[in-house]
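Visitor: test case, fold it:
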Amino acid sequence: MSRAERARSFGSIADDYDRLRPSPSPDALDWLVPSGCQVAVDVAAGTGLFTRPLAERVPRVKAVEPDPQMRAVLAAHASTVEVLEGTGESIPLPDASADAVFVASAWHWLDPDLAPAEIARVLRDGGRLGVVWTSRDRDEAWVRDLDRLPGEPPWDRDLESRHRLRRDGAIAENGPFGNVARASFGFTRRMNVADIVEMLGTYSAVITGSAADREAVFERARQSLAERFPGATEIDFPMRTWCWRADRLDR
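Guide: Modelled structure (predicted):
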């Protein structure tokens, strides 16, 4: 399956994605959203897990999402947000019209040659680009292998970091952005154990894997959780929000 097909696989599970995936840490939003932000854009907004808390902090929020199923869930849960069809490579907004543009859990799906320039076009001078991922915290040893597919190598922190922030150095050095900073924020999310297993099925590798591989992931997770938390129906599951930000240089 192609990278583009994997990127568009989430619409098939839009409701489960919205129900099971975590929203970002509030501390991450404090760190990402610039003071005085009046107009913010959430690119590749999905079902709005980042959009909704953003809209509690910023007066005008526009959500841009290519998948109609994801957009439908977003619109149903974020009535004050303007929901637009578009992509990170083609944002349906005028030049210099946003104080901030955010990409949540989708930066790795965007074209690294096209998206930064398009985001820079939409940002006003001095505006904020924020990139963020919120997911299970694989720094915790017992979490890191829960959703590993059969035959997949063990998790590599450095490799994943490079994957998450692909070409961010090139953006800072060669693109119209400066003041680059990075941070991460750990937190826990109270979850039903069965929902944790289901959540693992909302990641692209598992969505697009074979039925046998998906079941192998689920069964290993069930066994691991039962061994670590015998008899538990709910646990505090470790999560982490990873953030990267930069400011748009003057034109």
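
Visitor: and the longest helix along the chain, what's its mean pLDDT?
Guide: Longest helix of the chain, by residue count under DSSP state H: helix 211-228. Average pLDDT, helix 211-228: 90.

Visitor: the nearest residue to residue 87 once chain neighbours are set aside: what's it in contact with?
Guide: Setting aside the residues directly before and after it, residue 87 is nearest to residue 66 in space (CB to CB, 6 or more residues apart in numbering), at 5.0 Å. Bear in mind the C-beta positions are built from the backbone N, C-alpha and C, glycine included. Shown in contact with residue 66 (CB atoms under 8 Å, 6 or more residues apart in numbering): 8, 44, 85, 86, 87.

Visitor: show me the contacts for the second one.
Guide: The one in question is residue 44. 64, 65, 66, 87, 88, 103, 104, 106, 109, 110.

Visitor: okay, who's weakest in those by pLDDT?
Guide: Within these, lowest confidence goes to residue 109 (88).

Visitor: what's the burial count for that residue?
Guide: Neighbours of residue 109 under the rule other CB atoms under 10 Å: 19.

Visitor: roughly how far does it sit from residue 88?
Guide: 8 Å (CB to CB, to the nearest Å).

Visitor: over to residue 102?
Guide: 11 Å.

Visitor: give me the common contacts of the two.
Guide: Contacts common to residue 102 and residue 88, judged by CB under 8 Å, 6+ apart, are residue 43.

Visitor: which one's more surrounded, the two?
Guide: Shown here are residue 102 and residue 88; by other CB under 10 Å, residue 102 has more neighbours (31 against 21).

Visitor: that concludes my questions; thank you for your assistance.
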